[in-house]
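1. Sharing a model that was predicted from the sequence below.
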Amino acid sequence: MKFIGMLGVFLVIGALVVGARSFADFSEPAVDTLEPGDCFSLDNLPDELDRVQRRSCLRSDVANVIGWVDFSDYDEYLPVRDFNGILPNWCSRLYEEDTGGFSSMNRSVGWLIPTEEAWDAGERRALCYWTA
């Protein structure tokens with residue numbers, strides 16, 4: 001697995017069902033550069049990734065970035081089950097803040113977590129997103 005500086009590699013993990021900016025479809029930014037309001041494709045995501053395909057937020061088949069959860073208080077890498085135990089609550093809170101709690105349809109909240117290798121390289125954040 002190659003790293004460029006502090007570029008993190010993320011595991012694709014989790015989803016929880018809970019009650020815009022447009023970008024070119026060919027842009028492939030590093031995961032750790034995404035910000036709330038960015039959107040990316042969930043099509044064919046590998047188990048580990050360091051780049052995503054940026055998509056227009058007007059599309060219905062995209063993940064909408066809602067924020068990052070900081071795990072810098074943890075020295076040791078967390079088991080995936082621990083991330084999956086913590087992130088549903090945090091990502092749901094970020095979703096409610098992002099949408100004002102309003103949802104006219106069910107949405108799925110998901111997250112990307114750093115791999116252990118990325119954690120050892122200093123990445124201590126998990127990315128939260130929602131999908132329609």
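-> Received the coordinates, thanks.
2. pLDDT weak spots in this structure?
-> Scanning the chain for pLDDT under 70 picks out the ranges 1-27, 46-48, 102-105.
3. mind listing the strands for it?
-> Here the chain has its strands, by DSSP state E, at 10-18, 39-41, 48-49, 62-70, 107-114, 125-131.
4. so which of those gets nearest residue 28?
-> strand 39-41 (9.0 Å; Cβ to Cβ). All C-beta spots, glycine's among them, are computed from the backbone N, C-alpha and C.
5. quick one, longest helix in the protein?
-> helix 80-99 (DSSP state H).
6. What is that helix packed up against?
-> For helix 80-99, the packing partners by 3 or more Cβ pairs under 8 Å, 6 or more residues apart in numbering; DSSP states H and E come out as strand 10-18, strand 62-70, strand 107-114, strand 125-131.
7. Figure out which of the ones you listed is closest to residue 82.
-> Closest among the helices and strands packed on helix 80-99, using Cβ to Cβ: strand 107-114, at 9.8 Å.
8. got the helices and strands packed on helix 80-99 as CSV, with distance to residue 101 and mean neighbour count columns?
-> Shown next, in CSV, are the helices and strands packed on helix 80-99 (distance: least, Cβ to Cβ, whole Å; neighbours: other Cβ atoms under 10 Å):
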stretch, distance to residue 101, mean neighbour count
strand 10-18, 10, 17
strand 62-70, 13, 21
strand 107-114, 12, 23
strand 125-131, 13, 23
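9. Make TSV from those and add distance to residue 37 to it.
-> Formatted as TSV, those follow (distance: least, Cβ to Cβ, whole Å):
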stretch	distance to residue 37
strand 10-18	19
strand 62-70	7
strand 107-114	16
strand 125-131	11
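10. returning to that earlier point: can you list the strands of the chain in a markdown table and add distance to residue 77?
-> Shown next, in a markdown table, are these (distance: least, Cβ to Cβ, whole Å):
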| stretch | distance to residue 77 |
| --- | --- |
| strand 10-18 | 11 |
| strand 39-41 | 24 |
| strand 48-49 | 14 |
| strand 62-70 | 15 |
| strand 107-114 | 8 |
| strand 125-131 | 12 |
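11. rewinding a little: nearest to residue 100, out of the helices and strands packed on helix 80-99?
-> Judging these by Cβ to Cβ, what sits closest to residue 100 is strand 62-70, at 12.1 Å.
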